[in-house]
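Participant: build me a model:
(one chain, ligands or ions: 1)
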Amino acid sequence: MLRSFRFRTLRIILLLIILFVVAMNTWLTSVRIHSWNRPVWVVLYPINADGRRDTQAYINALSAEHFDEIKLFLQREADRYQVNLTPVAEFYLAPALLVQPPEVELDASLFERVFWSLHMRWWSWRNDSWNGPEPDVRIYLRYFSPQESQQLSHSLGLQKGMIGLVNGFASVDYMGTNNFVIAHELMHTFGASDKYSLDTNEPLYPEGYADPDQKPLLPQTRAEVMAGRVKVSPGWLVMPQSLNDVVVGPLTANEIDWQQSLH
Ligand SMILES: [Zn+2]
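Facilitator: Residues are numbered from 1 along each chain as shown. You can find the predicted model right below:
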């Protein structure tokens, strides 16, 4: 009786120590990223989410250059805010993972989300195909064939955990939108918040608009990275096709500490 009680206490203490170390590690990474004095290391892990052959063929043909657009976008925007760091981020492509990450429903309760977030971190620690230096941020790219799926479920970025989970289409036609979603989730891991209405998907005014002072206000032609969509006219929202038409707005820049030179 006493032995098993001791064993259980020991296990709980060990688990708490592990959780504490993980939390400290994440906190230190976050502080380091926010000081913007060395490039953020991002590792991308492709996953064949529907098990199809065309999806696999797309994944097999992927290389790190396919994600250069994200690097260029971050650099262009960081330079605009005088962050004074080149490169701002470096991207590496890990070998494809053969396991599926844990899923969470969009309408999950707070408890389910917290549990999922812990589960995801545990999963990410157990399933690592990357052999290089420890990444600052891990982005999991779940690819689906556009032949099979018409609509993708939501992507996620966890600041506490430095993990992004992105659902994308396995087709060159969708490379621009995939890169946009990766950039959005990456900004979440840096600490940026969403700037659109969860009910209507409409960008919030003014922080979700790329050009909030434009007259007339509509049509907008560019997107704010955390707003996700461009408002063309009332009721007409479009997703940007490329990161060339996306900006980091002042509020997002503030959240990720890009405005330090302006403080
Ligand atoms: Zn978001």
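Participant: how far away is D245 from D194?
Facilitator: According to C-beta to C-beta, to the nearest Å, D245 stands 19 Å off from D194. Yep, even glycine has a C-beta here, placed from its N, CA and C like the rest.
Participant: ignore what I typed, I meant Q100.
Facilitator: 25 Å.
Participant: please enumerate the helices of this protein.
Facilitator: Ranges of helices in the chain, per DSSP state H, are 2-35, 53-60, 68-80, 110-126, 175-190, 250-255.
Participant: of all those, which one comes closest to A223?
Facilitator: helix 175-190 (7.9 Å; C-beta to C-beta).
Participant: so who does the closest residue to Y143 other than its chain neighbours touch?
Facilitator: Spatial nearest neighbour of Y143, excluding adjacent residues (C-beta to C-beta, 6 or more residues apart in numbering): A170 at 4.1 Å. A170 makes contact with 54-55, 58-59, 143-146 under the criterion C-beta atoms under 8 Å, 6 or more residues apart in numbering.
Participant: go again using 6 Å as the cut-off
Facilitator: 55, 58, 143, 145 (C-beta atoms under 6 Å, 6 or more residues apart in numbering).
Participant: for the residues you listed, which one is nearest I182?
Facilitator: Y143 (12.0 Å).
Participant: make sure the closest one is actually in contact with T55.
Facilitator: Yes. Between Y143 and T55 a contact is recorded at 5.2 Å, counting by C-beta atoms under 6 Å.
Participant: the closest residue to E112 other than its chain neighbours: neighbour count?
Facilitator: Nearest non-adjacent residue to E112, counting by C-beta to C-beta, 6+ apart: V104, 6.5 Å away. For V104, the count of nearby residues is 18 (other C-beta atoms under 10 Å).
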